[in-house]
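Chemist: Pasting the sequence and the predicted coordinates here, then a few questions.
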Amino acid sequence: MKVVVDLNRCQAYAQCVYAAPRHFVLQGREALIYDPCPGEADRAEIERAVQACPVRAITAIPDAESTGEAA
Ligand code: SF4
């Protein structure tokens with residue numbers, strides 16, 4: 001799957017870091033580092049991060065949609 005974080009929206013609340021610590025890391029107080037291509041096996045964890053973000057900055061796109069393949 002593909003993950004995109006709108007860093008203009010992100011306010012470094014770190015809720016995604018708590019929800020999916022293997023995929024989102026805050027470096028310093030404001031710089032969010034994230035995995036843009038997590039495996040499908042991590043979908044539940046990524047979805048938790050998407051739901052947790054108070055400013056809805058995280059978008060998760062399943063592989064079928066991100067590659068244009070039919071599901
Ligand atoms: S939860 Fe949202 S606002 Fe907070 S660090 Fe993650 S992406 Fe940024």
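Modeler: Yep, that arrived.

Chemist: Which helix or which strand is home to residue 25?
Modeler: Element membership of residue 25, judged by DSSP states H and E, is strand 24-27.

Chemist: Now do that strand: which elements does it pack against?
Modeler: helix 15-19, strand 31-34 (3 or more C-beta pairs under 8 Å, 6 or more residues apart in numbering; DSSP states H and E). Where C-beta positions appear, they are placed from N, C-alpha and C, glycine not excepted.

Chemist: if we look at it, which residues are touching it?
Modeler: 12, 14, 16, 17, 32, 33, 34, 35, 49 (C-beta atoms under 8 Å, 6 or more residues apart in numbering).

Chemist: Neighbour-wise, which one of these leads?
Modeler: residue 16 (28 neighbours; other C-beta atoms under 10 Å).

Chemist: Look up how far the ligand lies from that one.
Modeler: Counting by C-beta to the nearest ligand atom, to the nearest Å, the gap from residue 16 to the ligand is 3 Å.

Chemist: Next up, the contacts around that residue.
Modeler: Contacts for residue 16 (C-beta under 8 Å, 6+ apart) come out as 5, 23, 24, 32, 34, 49, 52, 53, 58.

Chemist: which one of those sits closest to the ligand?
Modeler: Nearest to the ligand among the contacts of residue 16 is residue 53, at 3.3 Å by C-beta to the nearest ligand atom.
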